[in-house]
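1. Here you go, sequence then predicted model.
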Protein chains: 2
Amino acid sequence: MPRILLNLPPDRIDPWRTALARALAGAGIAAELVTAPQGAIDYVVHAPDGPLQDFAALPGLRAVLNTWAGVEGVVNNPTLKVPLARMVDPGLTEGMVEYVTGHVLRHHLGMDRHIVNPAREWRHEPPPLARERGVGILGLGVLGTACARALAALNFRVTGWSRRPRDLAGIDCRAGAEGLAATLARAEILVLLLPLTPATGNLIDARRLGLLPRGACIINAGRGQLIDDAALLEALDSGQVGHATLDVFRIEPLPPDHPFWSHPRVTVTPHVAAETRPASAAPVIAENIRRDLAGLPLRHLVDREAGY
Amino acid sequence: MPRILLNLPPDRIDPWRTALARALAGAGIAAELVTAPQGAIDYVVHAPDGPLQDFAALPGLRAVLNTWAGVEGVVNNPTLKVPLARMVDPGLTEGMVEYVTGHVLRHHLGMDRHIVNPAREWRHEPPPLARERGVGILGLGVLGTACARALAALNFRVTGWSRRPRDLAGIDCRAGAEGLAATLARAEILVLLLPLTPATGNLIDARRLGLLPRGACIINAGRGQLIDDAALLEALDSGQVGHATLDVFRIEPLPPDHPFWSHPRVTVTPHVAAETRPASAAPVIAENIRRDLAGLPLRHLVDREAGY
C-alpha cells in the first residue's frame, strides 16, 4: 500500500487529509496518509513552506506532488531527484479568472472613483466599451490562457505574451522580445501571470514600464519578483503607471512599513487571487498517483530546466 | 425623401447627427435630418428629455424611435399615436454587461476592503468560488439576459426572474410571485434590471428585502423607482443588506444631501451603466427606418399596455 507524506504547514494538514482521503477513495486507491516521514514514503504531497526540505531522507520516493501552482520554492532543491508535478487545480484556475476579470473590470470601469467619493461628485463620464480597451496578459499557461479567454469573451482586446509561441482563438498571441514590446504598448491594463524563473525576475523594470501607454494599470497575480518594486513606485509617482493592484510580494505578508501600503495608487490584496482549495485540488493529486501506480507519466510535470 | 427630427437635448445633437447620417448612408437611405419641427416630419429620433413633447404637432408622423432603453418617459405621452420603438443598442448591452459583471465580481471578491484599507490589514481570507455564489437577476429582457449569461459563463449560480416565464440554458429561470421569493432567497448578490412599469415601482420594499440572505448586496442598474429608498436605508442600517451599488435614482443627479451619498454601505455611480452610444445605436435606428419604409414591422416595438 503506497504511503503518502503530507508535507504541509500544520494548519493546512486537516483539510488536505480529509480531501485527499476522499479523492483517493474516489479513485479506488488504497493508501496510507502520514504527516511525518516514518518508514518508506512513496509520494510527497508538498507545500514549499512545509517542514520537510530534504528529499534525500526519503530513499524510496517516487514523485513530489506540489500543492501550489508556483514551484520556484522547490524546483531548485538539490535533494529533489524524482519527478515533480505542479498543481493545476480547476478551483485555483476559476478563482484566478474571477480575480483577474474582476480587477480588470474595476480598472476598466474606473470603479475606485465611485467607491471612494467623499466630495459626492456626480461626473457622468461613461467608460469606453471593453472592445475599445487593450488588455495585455504576460504568461499564457493554464492560468493566463483561462484569463485571456474570459476577458476576450467580455470583448476586451486581449494581447497575450508567452515564452513559447501560442495560438489562441480571439487572442493576439505574441512571443519573444519584440512580442513583449508590442504587448506592453497595447496594454492599457497589464496582467502578470508569469511563473518566477531566472528569465522572468524583474522582467517589469523601468524600461519596460516605459513601454506601456501612459496611465496604464498593472495587476500582478503572478509573483512579486516579476516587478522591480522601486521602478514601479517611480512610474506610479510620475503618472506613467496609473494604478497597481498587487496580490503577490517579495515578502508576504507585505511588511507594514512597505511603501506599497501607503501609496494612493496601489491596491494591496493579501495573496488571495489563486488559492489552492483542497476540495478541488486533491482529486488532481489522486489522479496523478493513480497514473504513476499504473505506469503512466505524471500530468503537469515540471520542466526543471525551464523552471516551471 | 423622409424627414427625421432629432428631438434631443442640444449637447447630444452633434454626435447623433454624425452617427445617424453615416448609418442612413450605410443602409442606403436618403433622408433629411432636422433639429426643429419644420415641415412634415416622418420620424422622430427621440430622447425623453428632448424639447418636443407634443407629437400631435407632427401630423404625418410614422414612428418614434427612442434613443434610450427606458421608455417610461414617453410611453404614457397622450399625444403619441404612432408606433414607439425602444433602443436596443449592442453597445448599451455590452456596457451593461461590463458594469454588472464588474460590480458582481467586486462584491463577490470583497474588493472594497482592499481598495480602502487604511489599517494595512493583511487578512488572507480568499473568497468562495463563483460556483458557490448565488446571484439573482430581476428582469430577463435583452440586458438581463445578456448579464445572466455573462455571469453564468463565470460559473455564478444565476437565478433569473421575469414577468413572463423564460427558458435560458444555464440559468435557473423563475416567474410569478413565488418565483420572485425563490429568486430573492438565493440572491447573495441581487441585480435589478427591470423596466419601470406600474407593476415594478417599489417592487423592492421592506418585505422583499427581508427575503434576501442576510448581508446580501444589491446592484440597481434598472431604474431608481424599483426600490423603496427608505426601506433600503433601513435594511442597510440593520445589516440585512450588506451593500448597495446604485446607478439609477429617483432624481438625477442624486441631490448632494441625499442619505445615499453619506451611507458607508452605499456606492453611488452616476448613471453610467447603460449608455447609449450613437456610433452603435444609430445603425439600429437606421435599420428600423429602412424596415418601416419597406413596409416591415419595427423591431423593439413597445407594448404600450405593458409599459415596455
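-> Thanks, I have the structure now.
2. I'd like the average pLDDT over the top helix by length along chain A.
-> The helix that spans the most residues within chain A, counting by DSSP state H, is helix A:90-109. Averaging pLDDT along helix A:90-109 yields 97.
3. for stretch A:179-197, same thing?
-> Across stretch A:179-197, pLDDT averages out at 97.
4. swap in stretch A:69-80?
-> pLDDT averaged over stretch A:69-80 gives 93.
5. Could you check how far the longest helix of chain A is from the centre of its chain?
-> Its chain's C-alpha centre and that of helix A:90-109 lie 12 Å apart, by C-alpha atoms, centre = their mean, to the nearest Å.
6. wait, does that helix contact chain B?
-> Yes. Helix A:90-109 is in contact with chain B by C-beta under 8 Å from any C-beta of the partner chain, via A:91, A:94-95, A:97-99, A:101-103, A:105-106, A:108-109. All C-beta spots, glycine's among them, are computed from the backbone N, C-alpha and C.
7. List buried residues within these.
-> Buried residues within the residues of helix A:90-109 next to chain B, defined by neighbour count using 16 or more other C-beta atoms under 10 Å in any protein chain shown: A:91, A:94-95, A:97-99, A:101-103, A:105-106, A:108-109.
8. can you redo those residues as TSV with distance to A:R299?
-> Output for these, formatted as TSV (distance: C-beta to C-beta, whole Å):
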residue	distance to A:R299
A:G91	16
A:E94	18
A:G95	20
A:V97	20
A:E98	24
A:Y99	24
A:T101	26
A:G102	29
A:H103	29
A:L105	32
A:R106	34
A:H108	35
A:L109	38
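9. out of those, what pair is the most spread apart?
-> Largest separation among these by C-beta to C-beta: A:G91 and A:L109, giving 26.6 Å.
10. So A:I115 versus chain B, what's the distance?
-> From A:I115 across to chain B, the span is 6 Å (C-beta to the nearest C-beta, to the nearest Å).
11. And for A:D42?
-> 31 Å.
12. ok, and the closest non-adjacent residue to that residue?
-> A:P2 (4.1 Å; C-beta to C-beta, 6 or more residues apart in numbering or on different chains).
13. So which bits of the stretch 1-150 of chain A are right by chain B?
-> Neighbours of chain B within the stretch 1-150 of chain A, by C-beta under 8 Å from any C-beta: A:91, A:94-95, A:97-99, A:101-103, A:105-106, A:108-109, A:111-112, A:114-117, A:120, A:122-127, A:129-131, A:150.
14. Secondary structure class of A:C173, three-state.
-> Here A:C173 is recorded as strand under DSSP: H, G, I helix; E, B strand; the rest coil.
15. burial of the nearest residue to A:A69 once chain neighbours are set aside, as a residue count?
-> For A:A69, ignoring the flanking residues on the chain, the nearest one in space by C-beta to C-beta, 6+ apart is A:M87 at 5.3 Å. By the criterion of other C-beta atoms under 10 Å in any protein chain shown, A:M87 has 23 neighbours.
16. Would you confirm that A:E252 contacts A:H271?
-> Yes. A:E252 lies in contact with A:H271 (C-beta atoms under 8 Å); the separation is 5.7 Å.
17. which of these two has more neighbours?
-> In this view A:E252 and A:H271 are compared by other C-beta under 10 Å, and A:H271 has more residues nearby, 19 against 13.
18. I'd like to know how far that one sits from A:R163.
-> Computed as C-beta to C-beta, to the nearest Å, the A:H271 to A:R163 distance reads 24 Å.
19. Distance of the closest residue to A:V104 other than its chain neighbours relative to chain B?
-> Computed as C-beta to C-beta, 6+ apart, the closest residue to A:V104 that is not its neighbour in sequence is A:I189, at 5.4 Å. A:I189 sits 12 Å away from chain B, going by C-beta to the nearest C-beta.
20. next one: phi and psi at A:I189?
-> The phi and psi values for A:I189, taken as degrees, to the nearest 10, are phi -130, psi 120.
21. what's it in contact with, if anything?
-> A:104, A:107-108, A:133-136, A:216-219 (C-beta atoms under 8 Å, 6 or more residues apart in numbering or on different chains).
22. Reformat those residues as JSON lines; add secondary structure.
-> Shown next, in JSON lines, are the contacts of A:I189 (three-state DSSP):
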{"residue": "A:V104", "secondary structure": "helix"}
{"residue": "A:H107", "secondary structure": "helix"}
{"residue": "A:H108", "secondary structure": "helix"}
{"residue": "A:R133", "secondary structure": "coil"}
{"residue": "A:G134", "secondary structure": "strand"}
{"residue": "A:V135", "secondary structure": "strand"}
{"residue": "A:G136", "secondary structure": "strand"}
{"residue": "A:A216", "secondary structure": "strand"}
{"residue": "A:C217", "secondary structure": "strand"}
{"residue": "A:I218", "secondary structure": "strand"}
{"residue": "A:I219", "secondary structure": "strand"}
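23. Quick check, central residue of chain A?
-> A:G222 (4.2 Å; C-alpha atoms, centre = their mean).
24. which residue sits closest to it in space, ignoring its chain neighbours?
-> Leaving aside its sequence neighbours, A:G222 sits nearest to A:L192 (C-beta to C-beta, 6+ apart; 4.4 Å).
25. Name the residues of the stretch 201-308 of chain A found near chain B, please.
-> Residues of the stretch 201-308 of chain A lying near chain B (C-beta under 8 Å from any C-beta): A:252-254, A:256, A:261, A:267-272, A:275, A:277.
26. filter those to the buried ones?
-> Buried among those by 16+ other C-beta under 10 Å: A:254, A:261, A:267-272, A:275, A:277.
27. Next, give me the two most distant ones among these.
-> A:W261 and A:R277 (27.7 Å).
28. And the helices in the stretch 151-300 of chain A?
-> A:176-185, A:206-209, A:229-238, A:259-262, A:278-293 (DSSP state H, counting those that start in this stretch).
29. pull the CA atoms of the first one into PDB?
-> Looking back up the chat, that one is helix A:176-185. This file holds the C-alpha atoms of helix A:176-185, laid out as PDB (Å, rounded to 0.1, in the frame of the first residue of the first chain):
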ATOM      1  CA  GLY A 176       9.900  36.900 -27.900                       C
ATOM      2  CA  ALA A 177      11.400  40.300 -27.100                       C
ATOM      3  CA  GLU A 178       9.600  42.100 -29.900                       C
ATOM      4  CA  GLY A 179       6.400  40.500 -28.900                       C
ATOM      5  CA  LEU A 180       6.800  41.700 -25.400                       C
ATOM      6  CA  ALA A 181       7.300  45.300 -26.500                       C
ATOM      7  CA  ALA A 182       4.200  45.100 -28.700                       C
ATOM      8  CA  THR A 183       2.200  43.600 -25.900                       C
ATOM      9  CA  LEU A 184       3.200  46.300 -23.500                       C
ATOM     10  CA  ALA A 185       2.500  49.000 -26.000                       C
END
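30. Please, which helix or strand holds A:T18?
-> Assigned by DSSP states H and E, A:T18 belongs to helix A:10-26.
31. mind listing what's buried in the next helix or strand after that helix?
-> Remark: after helix A:10-26, the chain's next helix or strand is strand A:32-34, criterion DSSP H and E. Neighbour counts over strand A:32-34 (16+ other C-beta under 10 Å) mark A:L33 as buried.
32. Now do strand A:32-34: everything it contacts.
-> Applying C-beta under 8 Å, 6+ apart, the contact partners of strand A:32-34 are A:1-6, A:17, A:20-21, A:41.
33. switch the cut-off to 6 Å
-> With contacts defined as C-beta atoms under 6 Å, 6 or more residues apart in numbering or on different chains, strand A:32-34 is touched by A:1, A:3-5, A:17.
34. now, the most widely separated pair of those?
-> For those, the farthest-apart pair by C-beta to C-beta is A:M1 and A:R17; their separation is 16.2 Å.
35. Kindly report the domain assignment for chain A.
-> Using automatic domain parsing, the domain parsing of chain A gives A:3-89+A:276-293, A:90-268.
36. So which of the ones you listed is nearest B:D172?
-> Of these, nearest to B:D172 by C-beta to C-beta is domain A:90-268, at 19.5 Å.
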